[in-house]
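Trainee: could you look at this predicted model? Sequence included:
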Amino acid sequence: HPHELWLNEGISEESMRKYQISYWGKENKIIIPHRDINGRLIGVRGRSLNSDEVAAGYKYMPIKVEGVELKHKLGSNLYGLCQNEEAIRRIGKIVLFESEKSVLLCDTYYHQNNFSVAVCGSNITDTQCRLIRSLGVNEVMIGFDKEYEDANSRLAEVYGNKLINLANKLTSYFTVYLLWDEEGLLDRKDSPADKGKEVLEKLMKSKIEIKTK
């Protein structure tokens, strides 16, 4: 069954069924299966609802079943590509988020037109870049979490430079944009998808193009 936490955060039951999201009461975790582009199950992550685990930095971790840890190399896959490959190829665009939850929110917003995936971290690996290049897209948007409060601050400048360096892994192959919040539409640590479809589309309209160095 879907957990009320993610229902309350705007993810539909339909989207959770599509991605096989469920709740494991024994471990008090939201269960997130990961599949590769061909649909093969390669790992299972859990979103802990235990406050002590979250406080210790174990909010998202591979689950253990009968002593076996169902982990995989996050940087070798793109979460959601299995479900969204057709839309990505048809639309010719892809948006890269950090977390699985953002992909689920976009599925709720756009259904069969969801062209998002998650890198499951704050990096874009060479393997993930190769996967993106195989999809025949023209445009890549990087929609990582907001790690600043004031867009004109030194902290924002440092974070922006980090994202630009990641974008430069892709600029030789695609038109690349950052989803950057200059209007205070998001809170710090928010994903561009967290505040609803309207805010996400505002950020997409004001996206900033990153050109090759």
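Mentor: Nice, thanks for sending it over. Computed from a predicted model, the values in this text were never measured in an experiment.

Trainee: R45 versus H72, what's the distance?
Mentor: According to Cβ to Cβ, to the nearest Å, H72 stands 9 Å off from R45. Backbone N, C-alpha and C define where each C-beta goes, glycine included.

Trainee: and if you look at I21?
Mentor: The gap separating I21 from R45 is 11 Å, by Cβ to Cβ.

Trainee: give me the common contacts of these two.
Mentor: Counting by Cβ atoms under 8 Å, 6 or more residues apart in numbering, the common neighbours of I21 and R45 are I31, I32.

Trainee: what segments of the chain are helices?
Mentor: Ranges of helices in the chain, per DSSP state H, are 4-8, 13-18, 51-55, 81-91, 100-110, 126-133, 154-167, 197-205.

Trainee: just so I know, which of these lies nearest R188?
Mentor: Closest to R188 of those is helix 154-167 (Cβ to Cβ; 9.6 Å).

Trainee: farthest from the middle of the protein: give me that residue.
Mentor: Distance from the centre of the chain peaks at E66, with 29.0 Å (Cα atoms, centre = their mean).

Trainee: which neighbours do H72 and R45 share?
Mentor: Common contacts of H72 and R45 (Cβ under 8 Å, 6+ apart): H34, P62.

Trainee: which residue of the two possesses the greater neighbour count?
Mentor: R45 (21 against 16; other Cβ atoms under 10 Å).

Trainee: what pLDDT does the more buried one get?
Mentor: pLDDT recorded at R45 is 97.

Trainee: what's across from it in the sheet?
Mentor: Listed beta-bridge partners, R45: I32, P62 (assigned using DSSP bridges).

Trainee: mind listing what G136 touches?
Mentor: Counting by Cβ under 8 Å, 6+ apart, G136 makes contact with R89, G92.

Trainee: one more: N113?
Mentor: Neighbour list for N113: A87, I91 [criterion: Cβ under 8 Å, 6+ apart].

Trainee: so how far is L49 from it?
Mentor: For N113, the distance to L49 - Cβ to Cβ - is 31 Å.

Trainee: now swap in R90 and tell me
Mentor: Using Cβ to Cβ, we find R90 at a distance of 36 Å from L49.
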